[in-house]
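Student: A structural model of the following input is requested.
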Amino acid sequence: ILDGETYSYLNPAHLAMFGYDHPYELLGKTWRVFYPPEEIERLETEVFPIIQRDRAWHGETVGLRKDGSTFPLEVSLTLNDEGGRICICQDITARKAIEQELEAKTEQLEYFFSMGLDLHCICSTDGRFLRLNHQWEKMLGYPLSELEGTNALDFIHPEDFERTVAAMQHLITVGEIAGY
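Tutor: The predicted structure is shown next:
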């Protein structure tokens, strides 16, 4: 909790997140100790006007630990009736790592779909096309928009139909197919 520019209360979790052990290290000090200079400027110029207008703000910023290391931080700031600020912070380092990993996997999937010379698709468990690569359009002549949502089994050769249905059932129950 901030009274004006300085802290009047810090809970143990907040202290630990920023690498401090005792509240007395920070009581009476400015909120600026928790942010690098470029974030202080951004908060003062972009965020504080929003807080004054809306009485609250929620977003991401960069925190500064006691040891000088930085980390991604999700912050909720609320003005109380006395003009002080209530600050709730969460270290989002793990979430950001997962987001980066997901982004990398998405880029790999995009590359796989865009560069593949074979017919690649993703289907729902009921066999409907969710995603197809452009080779479908090249080889079959149908626009992708026309194929998406249709049943993949409609495009299976009759001789392969039973084997394909069995493979789809195996995928649904076991979770993987090897050597289809």
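
Student: mind naming the longest helix for the chain?
Tutor: For the chain, the helix with the greatest residue count under DSSP state H is helix 93-115.

Student: roughly how far does the residue of the chain positioned farthest from its centre sit from Gly68?
Tutor: Most distant residue from the mean C-alpha position of the chain: Glu159, 43.8 Å away (Cα atoms, centre = their mean). Glu159 sits at a distance of 67 Å from Gly68 (criterion: Cβ to Cβ, to the nearest Å). In this view, the C-beta of every residue, glycine as well, is placed from N, C-alpha and C.

Student: and the pLDDT for the residue nearest to the spatial centre of the chain?
Tutor: In the chain, the C-alpha closest to the average C-alpha coordinate belongs to Glu99, at a distance of 4.3 Å (Cα atoms, centre = their mean). With respect to pLDDT, Glu99 scores 97.

Student: do Ile86 as well
Tutor: Looking at Ile86, its pLDDT is 91.

Student: secondary structure element holding it?
Tutor: Assessed by DSSP states H and E, Ile86 sits inside strand 85-91.

Student: would you say the residue farthest from the centre of the chain is within a helix?
Tutor: Yes: counting by DSSP: H, G, I helix; E, B strand; the rest coil, Glu159 is found in a helix.

Student: can you pull out the strands in this protein?
Tutor: 2-3, 6-7, 56-64, 70-79, 85-91, 121-123, 129-132 (DSSP state E).

Student: can I get the CA coordinates of the last one in PDB?
Tutor: What follows is the C-alpha trace of strand 129-132 in PDB, where atoms were taken according to Å, rounded to 0.1, in the frame of the first residue of the first chain:
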ATOM      1  CA  PHE A 129     -10.900 -30.500 -41.200                       C
ATOM      2  CA  LEU A 130      -9.700 -27.700 -38.900                       C
ATOM      3  CA  ARG A 131      -6.600 -26.700 -40.800                       C
ATOM      4  CA  LEU A 132      -5.100 -27.700 -44.100                       C
END
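
Student: what packs against it?
Tutor: With contacts taken as 3 or more Cβ pairs under 8 Å, 6 or more residues apart in numbering; DSSP states H and E, strand 129-132 sits against strand 121-123, helix 144-147.

Student: just give me how far it sits from the chain centre.
Tutor: Relative to its parent chain, strand 129-132 has a centroid offset of 23 Å by Cα atoms, centre = their mean, to the nearest Å.

Student: same thing with the fourth one?
Tutor: Between the centre of strand 70-79 and the centre of its chain there are 16 Å (Cα atoms, centre = their mean).

Student: low pLDDT regions in the protein?
Tutor: 178-180 (pLDDT under 70).
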